[in-house]
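# After the sequence you'll find the predicted model.
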Amino acid sequence: MLGDQFIGFQEDQMLDTIYLIISLLFCIYYILFGLRKYIK
């Protein structure tokens, strides 16, 4: 039972990391899009 909880915790951590990476990519995309607007 303890092992199952540990595996579930690892999966949750991986999901949090994936969400963090996706949100960072969106932030970078919006920043680049905004900079392109200002440059042109």
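Perfect, I can see it now.
# so where does Leu15 fall, helix or strand?
Using DSSP states H and E, Leu15 falls within helix 2-39.
# Poorly predicted segments of the chain, please.
1-9 (pLDDT under 70).
# and if we set it to 90?
1-15, 36-40 (pLDDT under 90).
# what about the helix holding Leu15, distance to the chain center?
0 Å (CA atoms, centre = their mean, to the nearest Å).
# so what does it touch, helix or strand wise?
Applying 3 or more CB pairs under 8 Å, 6 or more residues apart in numbering; DSSP states H and E, we find helix 2-39 packed against no helix or strand. (Glycine included, C-beta is placed from N, CA and C.)
# from now on call the first residue 496
Sure, I'll start numbering at 496, so the last one becomes helix 497-534.
# Distance-wise, check Ile526 relative to Tyr514.
19 Å (CB to CB, to the nearest Å).
# Likewise for Phe528?
21 Å.
# ok, now Gly529?
23 Å.
# repeat for Leu530
25 Å.
# Lys532 too?
For Lys532, the distance to Tyr514 equals 27 Å [CB to CB].
# Using CSV, list the CA coordinates for stretch 508-523.
Provided in CSV are the C-alpha atoms of stretch 508-523 (Å, rounded to 0.1, in the frame of the first residue of the first chain):
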residue,chain,number,x,y,z
GLN,A,508,4.8,15.3,-9.3
MET,A,509,5.4,14.5,-13.0
LEU,A,510,2.1,16.0,-13.9
ASP,A,511,2.9,19.2,-12.0
THR,A,512,6.2,19.4,-13.8
ILE,A,513,4.5,19.0,-17.2
TYR,A,514,2.0,21.7,-16.3
LEU,A,515,4.9,24.0,-15.2
ILE,A,516,6.8,23.4,-18.5
ILE,A,517,3.6,24.1,-20.5
SER,A,518,2.9,27.3,-18.7
LEU,A,519,6.5,28.4,-19.1
LEU,A,520,6.3,27.7,-22.8
PHE,A,521,3.1,29.8,-23.1
CYS,A,522,4.8,32.7,-21.2
ILE,A,523,7.8,32.6,-23.5
